[in-house]
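# Build me a structure from this.
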Amino acid sequence: MTHVQRTLVVLKPDSVGRSVTWEIISRFERAWLHIVGMKMLRPDKDFFFHHYETIWTMITRHGQKIFDDTVATMMKTPVIAIVLEGVEVVEYVRKIVWSTEPKSAAPGTIRGDFAHMSYTYANDSQIGIPNLVHASGNIEEAKAEITHRFTSEELFDYDPLHTQYTR
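Residues are numbered from 1 along each chain as shown. Below is the predicted model:
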């Protein structure tokens, strides 16, 4: 079993709309995570249904209203999808990103530094929670999400320069 994995990160409309995408991407690169695929896209509702219900079961777990609010939020601007590769990268990216609820995210994490909204406020305001990024929750989810967004031709295998120092 290899410890090198791939994971998906999506920079959501609040990242793109606030023009903080490169600040967020640089955090992953400074951690020596390897970008093997990246693109900007504007998914439609069917695309989000596949992501949020088929892969993630959002409607099943949280209801149609949460799904509808989330999709409305996600369709405000294009998003940037990134595939990162690294040692145990799924878990590591989750630490860099932190809690899905920005209010609960620790300072020094992406959500802790760039967002602060609570679930209660988002629900009371009937909006999807702006938490800047989506990060795959586990290896199986990462594989399904990457396949949903990228063809094999859009992903690259190459040795990053820093590997000469880590082998």
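
# give me phi/psi at Thr77?
phi -140, psi 170 (degrees, to the nearest 10).

# Tell me the spacing between it and Ile139.
According to C-beta to C-beta, to the nearest Å, Thr77 and Ile139 sit 29 Å apart. C-betas here are computed from N, CA, C, even on glycine.

# for Gln126, same thing?
From Gln126 to Ile139 the distance is 34 Å (C-beta to C-beta).

# Can you report how many residues lie near Ile55?
Ile55 has 17 neighbours, counted by other C-beta atoms under 10 Å.

# just the helices in this structure please.
13-18, 21-30, 45-49, 58-62, 64-74, 89-97, 110-114, 119-125, 139-149 (DSSP state H).

# Quick check: which helices or strands does the third one pack against?
Just to be clear, that refers to helix 45-49. Contact here means 3 or more C-beta pairs under 8 Å, 6 or more residues apart in numbering; DSSP states H and E; on that basis helix 45-49 packs against helix 64-74.

# For the residue nearest in space to the middle of the chain, which non-adjacent residue is closest in space?
Nearest residue to the geometric centre of the chain (C-alpha atoms, centre = their mean): His134, 2.4 Å. Once flanking residues are discounted, His134 sits nearest to Val10: 4.1 Å by C-beta to C-beta, 6 or more residues apart in numbering.
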